[in-house]
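**Q** Provide a 3D model corresponding to the input given below.
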Amino acid sequence: QVQLVESGGGLVQAGDSLRLSCAASGRTFSSYAMGWFRQAPGKEREFVGYISRNGDSTYYADSVKGRFTISRDNAKNTVYLQINSLKPEDTAVYYCAAARFLTTVDSRYDYWGQGTQVTVSS
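**A** Purely as a prediction, here's the structure:
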């Protein structure tokens, strides 16, 4: 069992940067690939990116490539999402999730956090 808690969201202005954190409970954090998703109002949940178990591999959706960076610290049981040059269209609830394998498919993630709201004003 893995429990995930996101933090770091808030109200920011376009062009700002933000770092989201996702803290995991349990001693098996390093056994999981970690993904980030987001869901904007009235839209379906969208894959943002993932990172491998040891952090040596990352992959991003085209819509965020170049502005978003995922990293992890297995000693701290935490995964991060660095977001630069924020745009109003980045406004969404951001979720972290844990999966046994690298995947972009949300249904293949086993554990989810409760989400953290990011609102970007223009």
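**Q** Please, where are all the strands along this protein?
**A** Using DSSP state E, the strands of the chain run over 4-7, 10-13, 18-24, 33-39, 46-51, 58-60, 68-73, 78-83, 92-99, 111-112, 116-121.
**Q** tell me which residues in stretch 6-26 are buried?
**A** Buried positions in stretch 6-26, judged by neighbour count with 16 or more other Cβ atoms under 10 Å: 6, 8-9, 12, 18, 20-24. Where C-beta positions appear, they are placed from N, C-alpha and C, glycine not excepted.
**Q** what about that stretch, distance to the chain center?
**A** 9 Å (Cα atoms, centre = their mean, to the nearest Å).
**Q** That stretch: end-to-end distance?
**A** 15 Å (Cα to Cα, to the nearest Å).
**Q** just for this protein, where's the confidence low?
**A** For the chain, not a single residue meets the criterion pLDDT under 70.
**Q** Swap in 90 and give it another go.
**A** Along the chain, the parts satisfying pLDDT under 90 run over 1, 26-27.
**Q** which residue is nearest the centroid of it?
**A** Trp36 (2.8 Å; Cα atoms, centre = their mean).
**Q** Alpha carbons of stretch 28-37, as PDB, please.
**A** Extracted in PDB, the C-alpha atoms of stretch 28-37 (Å, rounded to 0.1, in the frame of the first residue of the first chain):
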ATOM      1  CA  THR A  28       8.400   0.600  -1.300                       C
ATOM      2  CA  PHE A  29       8.400   4.000  -3.000                       C
ATOM      3  CA  SER A  30      11.500   3.100  -5.000                       C
ATOM      4  CA  SER A  31       9.600   0.100  -6.400                       C
ATOM      5  CA  TYR A  32       7.200   2.300  -8.300                       C
ATOM      6  CA  ALA A  33       7.400   4.400 -11.400                       C
ATOM      7  CA  MET A  34       5.700   7.700 -10.700                       C
ATOM      8  CA  GLY A  35       3.500   9.700 -12.900                       C
ATOM      9  CA  TRP A  36       1.900  13.200 -12.900                       C
ATOM     10  CA  PHE A  37      -1.500  13.900 -14.400                       C
END
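**Q** any idea how far the residue sitting furthest away from the middle of the chain lies from Gly8?
**A** Most distant residue from the mean C-alpha position of the chain: Ser122, 22.5 Å away (Cα atoms, centre = their mean). Per Cβ to Cβ, to the nearest Å, Ser122 is found 21 Å from Gly8.
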